[in-house]
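J.: Here is my input, please return the structure:
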Amino acid sequence: MSRAGKNPIAVPSGVQVAVNGREVSVKGKLGALSYSVTPEVDVALAEGRVTVTPRDGTKRSRSMWGTTQRRLRNMVRDVQDGFRVNLEINGVGYRAQTDGKALTLQLGHSHDMVVPIPASIKVTCERPTAISLVGPDRVEVGQLAANIRGYRPPEPYKGKGIKYETEVIQRKEGKKK
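T.: Numbering: from 1, shown residues only. The predicted structure is shown next:
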């Protein structure tokens with residue numbers, strides 16, 4: 001039985017949730033998101049709460065019960081507050097800067113990496129070695145962060161590269177004489 005799926009999702013003021021058949025749409029101050037619910041679960045909106053219930057007792061419907069509840073909870077929270085991913089750049093000469101429409105990364109290659117920024121995501125560089133991504137769609141923000149990290153993943157010997165702020169790099173010992 002899903003412990004996460006049992007909990008109803010409270011809809012805060014300033015967030016609007018609409019359930020139209022299998023489509024759930026959420027609007028807030030940061031944007032609007034929609035999610036197509038799988039046929040294994042039912043979604044209902046009543047008294048400012050969204051509830052998710054499984055249609056039957058199959059393993060698939062029980063697993064989708066918790067998954068759907070968490071996806072909807074994240075949507076409600078993220079259109080209100082936003083989802084943030086922080087990246088750190090380590091390495092001599094490695095830096096980043098943004099000009100509003102694109103993020104320019106200098107990562108030791110012969111050329112600069114230019115990453116276009118989607119309209120729904122706000123990218124800021126507090127320092128030349130720190131990148132902050134904020135947006136209402138958790139999937140889109142996470143994918144952009146993964147793409148940026150993929151240009152120069154952290155290496156285990158010196159720790160150079162782009163890493164998530166909370167990521168811990170397992171360091172290896174270098175060659176011995």
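J.: make it CA atoms for all contacts and neighbour counts henceforth
T.: OK.
J.: Please compute how far the longest strand belonging to the chain lies from its chain's middle.
T.: The residue-count maximum for a strand in the chain (DSSP state E) belongs to strand 83-90. Mean C-alpha position of strand 83-90 versus that of the full chain (Cα atoms, centre = their mean, to the nearest Å) differs by 12 Å.
J.: cool, stretch 83-94 as well?
T.: Worked out by Cα atoms, centre = their mean, stretch 83-94 lies 16 Å from the chain centre.
J.: Let me have that stretch in CSV, keeping just the CA atoms, if that works.
T.: Extracted C-alpha coordinates of stretch 83-94, given in CSV (Å, rounded to 0.1, in the frame of the first residue of the first chain):
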residue,chain,number,x,y,z
PHE,A,83,12.2,24.4,-8.3
ARG,A,84,15.9,25.3,-7.9
VAL,A,85,19.0,23.5,-8.9
ASN,A,86,22.4,24.9,-8.1
LEU,A,87,25.6,23.9,-10.0
GLU,A,88,29.2,24.6,-9.0
ILE,A,89,32.1,24.8,-11.4
ASN,A,90,35.6,23.7,-10.2
GLY,A,91,38.8,24.1,-12.2
VAL,A,92,41.3,26.8,-13.1
GLY,A,93,39.9,29.0,-15.8
TYR,A,94,36.5,27.4,-15.8
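J.: Pull out the buried residues from it.
T.: Neighbour-count burial for stretch 83-94, counted by 16 or more other Cα atoms under 10 Å, picks out F83, R84, V85, N86, L87, E88, I89, N90, Y94.
J.: And stretch 30-42, by the same measure?
T.: Per 16+ other Cα under 10 Å, stretch 30-42 contains these buried residues: L30, G31, A32, L33, S34, V37, E40, V41, D42.
J.: Looking at those, which are in strands?
T.: Per DSSP E, the buried residues of stretch 30-42 map to strands at G31, A32, L33, S34, V41, D42.
J.: can you put the residues you listed in JSON lines and add distance to K122 and pLDDT?
T.: Formatted as JSON lines, those follow (distance: Cα to Cα, whole Å; pLDDT from 0 to 100):
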{"residue": "G31", "distance to K122": "12", "pLDDT": "84"}
{"residue": "A32", "distance to K122": "15", "pLDDT": "88"}
{"residue": "L33", "distance to K122": "16", "pLDDT": "88"}
{"residue": "S34", "distance to K122": "20", "pLDDT": "90"}
{"residue": "V41", "distance to K122": "34", "pLDDT": "89"}
{"residue": "D42", "distance to K122": "34", "pLDDT": "89"}
